[in-house]
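Student: all I have is the shape, not the residue letters:
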């Protein structure tokens, strides 16, 4: 799957660049990532509503010029639909099953997106009713896309999994140390790192470890 981010304006802060580079590197394991930055328009102080609309339209034309026919477009909009990380992961997985080869995420400039861009979009996504700097929003979006791929790959277990009883109790661990526990989850041996946040990383233990566990616990 190809993921394209179309954003308005350039990143000026190095710390944002570093975060974007890091998540771009992580995402390379799961998809082909493309980040397109289109030029923004300067907005004078006290700009009229008509001028702001013209600015959005100019930026919108630049955005639309990079969207190919057949691409599934998701526009970030404050009045869009809010999704949990699990729901976003499910949506990306469903689009992949439906044969959507390219997902385009659009982040507008300080004045938002034009009406034409909103009409072209297949889905309007909101991360929060709060307003974020569009530079920061790029990092947040990349992190959530990366998290979605990790969830779909089975490498991230979330609170939803815990509430559904996916984990065994610690006292039911096959092997228990101060650093990790080994469980059998859904018929698969996995190891769990020490819980330090509300997300839990897990990885398959492999057939060799299965054999060792069978010897220890016939």
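Tutor: On my side now, so go ahead. Predicted model, so just to flag it, every value in this text is computed and none were measured.

Student: wait, is residue 33 part of a helix?
Tutor: No - assignment of residue 33 by DSSP: H, G, I helix; E, B strand; the rest coil gives strand, placing it outside any helix.

Student: where does residue 37 fall, phi/psi-wise?
Tutor: Taking degrees, to the nearest 10, you get phi -110, psi 120 for the backbone angles of residue 37.

Student: centroid residue for the protein?
Tutor: Nearest to the geometric centre of the chain sits residue 145, at 1.6 Å (Cα atoms, centre = their mean).

Student: just say helix, strand or coil for it.
Tutor: Residue 145, by the three-state scheme (three-state DSSP), is helix.

Student: and it, how close does it get to residue 125?
Tutor: When distance is defined by Cβ to Cβ, to the nearest Å, residue 145 is 11 Å away from residue 125. Any C-beta I mention is one placed from the backbone N, CA and C, and that applies to glycine too.

Student: other SSEs contacting the lengthiest strand in the chain?
Tutor: When the chain is scanned for its longest strand (criterion: DSSP state E), the result is strand 72-82. Identification of packing neighbours for strand 72-82 by 3 or more Cβ pairs under 8 Å, 6 or more residues apart in numbering; DSSP states H and E yields strand 102-107, helix 115-120, strand 123-126.

Student: can you mark which positions in the following helix or strand past it are buried?
Tutor: Counting by DSSP states H and E, the element after strand 72-82 in chain order, helix or strand, is helix 85-97. Buried residues in helix 85-97, counted by 16 or more other Cβ atoms under 10 Å: 85-86, 88-89, 91-92, 95.

Student: one more: stretch 28-42?
Tutor: Under 16+ other Cβ under 10 Å, the buried positions of stretch 28-42 are 30-31, 33, 38, 40-41.

Student: what segments of the chain are helices?
Tutor: 14-27, 49-64, 85-97, 115-120, 134-152, 159-163, 207-216 (DSSP state H).

Student: among those helices, which is nearest residue 107?
Tutor: helix 134-152 (5.4 Å; Cβ to Cβ).

Student: in that closest one, what's buried?
Tutor: Buried residues in helix 134-152 (16+ other Cβ under 10 Å): 134-135, 137-152.

Student: which residues touch residue 142?
Tutor: Going by Cβ atoms under 8 Å, 6 or more residues apart in numbering, residue 142 touches 5, 19-20, 23-24, 27.

Student: go again with 7 Å.
Tutor: Contact partners of residue 142, counting by Cβ atoms under 7 Å, 6 or more residues apart in numbering, are 20, 23, 27.

Student: repeat that for residue 68.
Tutor: Neighbours of residue 68 in contact, by Cβ under 7 Å, 6+ apart: residue 102.

Student: that older thread, and the residue nearest to the centre of the chain, what pLDDT?
Tutor: Residue 145 is assigned a predicted lDDT (pLDDT) of 95.

Student: that one against residue 1, yeah?
Tutor: No - here residue 145 does not reach residue 1: they are 10.5 Å apart, not a contact under Cβ atoms under 7 Å.

Student: anything in contact with each of those two?
Tutor: Common neighbours of residue 145 and residue 1 (Cβ under 7 Å, 6+ apart) do not exist.

Student: got the buried residues for stretch 4-13?
Tutor: 4-9, 11.

Student: make that stretch 45-60, sorry
Tutor: Neighbour count says stretch 45-60 has 55-56, 59-60 buried, by 16+ other Cβ under 10 Å.

Student: just put the residues you listed in a markdown table and tack on distance to residue 75 and pLDDT.
Tutor: Converted to a markdown table, the buried residues of stretch 45-60 look like this (distance: Cβ to Cβ, whole Å; pLDDT from 0 to 100):
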| residue | distance to residue 75 | pLDDT |
| --- | --- | --- |
| 55 | 17 | 96 |
| 56 | 12 | 96 |
| 59 | 13 | 97 |
| 60 | 10 | 97 |
